[in-house]
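Novice: Compute the structure for the input listed below.
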Amino acid sequence: MTDPWDDVGYLAWLRADLALQRLEAWAAEHLDTDPGHNLAHALRVGYQASRLARALGACPREATAAALLHDVVNVPKNDPRRAESSSLSATKAIELLPDYGFSPAAVARIADAIRDHSYSRGATPAHALGQALQDADRLEALGVIGLFRCISTGTLMGASYFDDADPFAHDRPLDDLRYSVDHFYTKLLRLPQSFLTEAGRAEADKRAAYLRTTLIQLADELGVAVRPFP
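Specialist: From the prediction side, this is the model:
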């Protein structure tokens with residue numbers, strides 16, 4: 001029997017739920033087109049968050065709603081108001097979700113999960129739904145997708161791939177606003193230790209290993225020593 005939370009089955013399950021189907025349509029119209037925060041990202045987060053929520057005894061349906069709305073207000077990463085993004089998205093969820101049939105208790109749980117999931121905010125969710133959403137969103141920063149997101153976001157912000165004179169910051173401070181490779185060291189490779197669920201941490205470790213392999217390959221291509229990993 002196909003697991004309803006496999007890649008294909010999850011979307012069929014979501015679209016069989018009229019409220020979630022309508023919420024997905026709303027998100028499609030209002031989320032950014034930035035590939036790191038668009039509808040495809042939200043659906044990938046929803047898939048992972050639903051699986052993690054189910055394992056923790058939380059509601060996969062609420063996890064999907066939280067994922068669809070977690071980036072609905074997306075303040076750019078180099079904006080000083082960045083840490084407010086998740087709170088603003090949570091406020092929007094509180095406004096929207098009653099019209100989609102979610103109970104007051106469910107709305108409160110979903111809003112709390114959205115508010116606390118953000119890396120920029122620095123919160124640790126106290127409840128299972130928030131833990132599932134936070135881990136699911138952080139998985140997107142690792143592995144192949146994480147690599148794509150890091151480079152595309154850096155390019156959008158005007159960063160170079162790396163410092164030509166010192167690609168791995170052996171003789172300079174790390175500066176991930178100027179060099180995307182530095183971001184692997186300031187944040188991405190440190191992410192697995194922040195995961196809150198057992199399944200999420202296992203997947204994070206696997207995806208972080210891919211990033212380390214990528215950096216080793218880059219160092220080989222450039223003929224330089226790779227910086228020690230955090």
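Novice: domains for this protein, by residue range?
Specialist: 7-127, 143-222 (automatic domain parsing).
Novice: For this structure, just list every one of the helices.
Specialist: 7-15, 18-30, 39-56, 60-69, 85-96, 104-117, 128-139, 143-156, 180-186, 198-222 (DSSP state H).
Novice: got the angle for the longest one vs helix 143-156?
Specialist: Angle, helix 198-222 to helix 143-156, by axes from the mean of the first three to the mean of the last three C-alpha atoms, to 10 degrees: 60 degrees.
Novice: what is the orientation angle of helix 198-222 with helix 39-56?
Specialist: Using the same axes, to 10 degrees: helix 198-222 against helix 39-56 is 140 degrees.
Novice: Over to the first one?
Specialist: Orientation of helix 7-15 against helix 39-56 (the same axes, to 10 degrees) gives an angle of 90 degrees.
Novice: buried stuff in helix 7-15?
Specialist: Buried residues in helix 7-15, counting neighbours by 16 or more other C-beta atoms under 10 Å, are found at 10, 13-14. From N, CA and C alone the C-beta is placed, and that goes for glycine too.
Novice: Columns mean pLDDT on top of the helices of the chain, output as TSV?
Specialist: TSV is the format used below for these (pLDDT from 0 to 100):
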stretch	mean pLDDT
helix 7-15	84
helix 18-30	92
helix 39-56	93
helix 60-69	94
helix 85-96	83
helix 104-117	89
helix 128-139	93
helix 143-156	92
helix 180-186	96
helix 198-222	96
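Novice: how about the ones you listed in JSON lines, adding distance to Asp163?
Specialist: Converted to JSON lines, the helices of the chain look like this (distance: least, C-beta to C-beta, whole Å):
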{"stretch": "helix 7-15", "distance to Asp163": "38"}
{"stretch": "helix 18-30", "distance to Asp163": "38"}
{"stretch": "helix 39-56", "distance to Asp163": "29"}
{"stretch": "helix 60-69", "distance to Asp163": "36"}
{"stretch": "helix 85-96", "distance to Asp163": "29"}
{"stretch": "helix 104-117", "distance to Asp163": "32"}
{"stretch": "helix 128-139", "distance to Asp163": "26"}
{"stretch": "helix 143-156", "distance to Asp163": "12"}
{"stretch": "helix 180-186", "distance to Asp163": "8"}
{"stretch": "helix 198-222", "distance to Asp163": "11"}
